[in-house]
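Chemist: everything below, folded, please.
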Amino acid sequence: MMYLLYLESTILPLVIALELFGDIAILLGFKARLIALLFVGFNIISALLFHQLWIDEAQLMKHK
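Modeler: Numbers count the residues shown, from 1 in each chain. Here you go, the predicted structure:
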């Protein structure tokens, strides 16, 4: 899981830029559909990479 820490620190500036400028772009109506699709893709990728409840049985049992 160490590679996830490296991945997290390398893409952090991209995530911050997407969150900050993406929200502003949607509020202004600039390329709103494209930005919304980027947000959907980001949410799916982050859910699959960082929220792996199906792998760790201890976490799975904690959420039941």
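Chemist: now do the SS call for residue 30.
Modeler: coil (DSSP: H, G, I helix; E, B strand; the rest coil).
Chemist: ok, it to residue 17 distance?
Modeler: Distance, residue 30 to residue 17, using C-beta to C-beta, to the nearest Å: 15 Å. All C-beta atoms are positioned from the backbone trio N, CA, C, and that covers glycine.
Chemist: same deal with residue 44?
Modeler: Taking C-beta to C-beta, one finds residue 44 at 19 Å from residue 17.
Chemist: below-threshold pLDDT in this structure: ranges please.
Modeler: 1-8, 52-64 (pLDDT under 70).
Chemist: so which bits of stretch 39-55 are buried?
Modeler: residue 42 (16 or more other C-beta atoms under 10 Å).
Chemist: same thing with stretch 32-40?
Modeler: Buried, per 16+ other C-beta under 10 Å, within stretch 32-40: residue 35.
Chemist: residues in contact with that stretch: which ones?
Modeler: For stretch 32-40, the external contacting residues (C-beta atoms under 8 Å, 6 or more residues apart in numbering) are 18, 22, 25, 26.
Chemist: now, which of these lie within helices?
Modeler: 18, 22, 25, 26 (DSSP state H).
Chemist: and which of those residues is nearest residue 50?
Modeler: Using C-beta to C-beta, residue 18 comes nearest to residue 50 of the ones in helices among the contacts of stretch 32-40, at 15.5 Å.
Chemist: what's near enough to touch the closest one?
Modeler: 38, 39, 42.
Chemist: only alpha carbons, please: show stretch 34-50 as CSV.
Modeler: Taking Å, rounded to 0.1, in the frame of the first residue of the first chain, the C-alpha atoms of stretch 34-50 are listed here in CSV:
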residue,chain,number,x,y,z
LEU,A,34,-16.7,18.6,-19.2
ILE,A,35,-15.8,19.6,-15.6
ALA,A,36,-18.7,17.5,-14.3
LEU,A,37,-17.5,14.5,-16.2
LEU,A,38,-14.0,15.0,-14.8
PHE,A,39,-15.5,15.1,-11.3
VAL,A,40,-17.4,11.8,-11.9
GLY,A,41,-14.2,10.2,-13.2
PHE,A,42,-12.2,11.5,-10.2
ASN,A,43,-14.9,10.1,-7.8
ILE,A,44,-14.9,6.7,-9.4
ILE,A,45,-11.1,6.4,-9.4
SER,A,46,-10.7,7.7,-5.9
ALA,A,47,-13.4,5.3,-4.6
LEU,A,48,-11.7,2.3,-6.2
LEU,A,49,-8.2,3.3,-5.1
PHE,A,50,-8.6,4.6,-1.6
